[in-house]
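[1] Only the shape, not the letters, is given here:
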């Protein structure tokens, strides 16, 4: 199924940018644009960067760093969850095996 592309305009640091995107992704595009605008405004207001290109690069680096940190945290969390699941599976296997052994003892007597 193909999605109809529509034209829209986003605004970053007061400058409009015409963009085409799939109609079903319009809300996500505007949310992303608002997030980017906020982050670029923060970079601009820090006073250390004036040039628009540098603002964009510094902001992109900051967002990328945050993304990588979150990705690393997610990986660590998933590793811990998988360890816990494995531990619980081992406990279940042990309990089931004990129950089966007990059942075998009572059925053979």
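    Perfect, I can see it now. The structure presented is a predicted model; accordingly, all values stated were derived computationally and were not measured.
[2] I'd like to know which elements the longest helix seen in the chain is packed against.
    The single longest helix within the chain, with elements called by DSSP state H, is helix 52-108. Applying 3 or more Cβ pairs under 8 Å, 6 or more residues apart in numbering; DSSP states H and E, one finds that helix 52-108 makes contact with helix 26-45. Placement of C-beta: from N, CA and C, glycine included.
[3] Show me what the helix it packs on is packed up against.
    strand 5-12, helix 52-108.
[4] Figure out how far that helix is from the centre of its chain.
    In this view, helix 26-45 has its centroid 17 Å away from the chain centroid, taken as Cα atoms, centre = their mean, to the nearest Å.
[5] what residues does it touch?
    Helix 26-45 has contacts (Cβ atoms under 8 Å, 6 or more residues apart in numbering) with 6, 8, 10-13, 19, 21, 49-50, 55-56, 58-59, 62-63.
[6] let's see it at 10 Å
    Applying Cβ atoms under 10 Å, 6 or more residues apart in numbering, the external contacts of helix 26-45 come out as 6, 8-15, 17, 19-22, 25, 49-52, 54-63, 66.
[7] just the buried members of these?
    10, 12, 21, 49, 55, 56, 58, 59 (16 or more other Cβ atoms under 10 Å).
[8] show me the residues around the fifth one that make contact.
    Listed by Cβ under 10 Å, 6+ apart, the contact partners of residue 55 are 12, 13, 39, 40, 41, 42, 43, 44, 46, 48, 49.
[9] Which strand residues bridge the first one?
    Taking DSSP bridges, one finds residue 15 as the beta-bridge partners of residue 12.
[10] Now do the longest helix of the chain and strand 5-12, the angle between them.
    110 degrees (axes from the mean of the first three to the mean of the last three Cα atoms, to 10 degrees).
[11] quick one: average pLDDT of stretch 46-53?
    Regarding stretch 46-53, the rounded mean pLDDT is 84.
[12] gap between the two ends of it?
    Terminal residues of stretch 46-53 lie 15 Å apart, using Cα to Cα, to the nearest Å.
[13] Give me the contacts around that stretch.
    So stretch 46-53 is contacted by 12, 13, 15, 40, 43, 44, 54, 55, 56, 57, 58, 59 (Cβ under 10 Å, 6+ apart).
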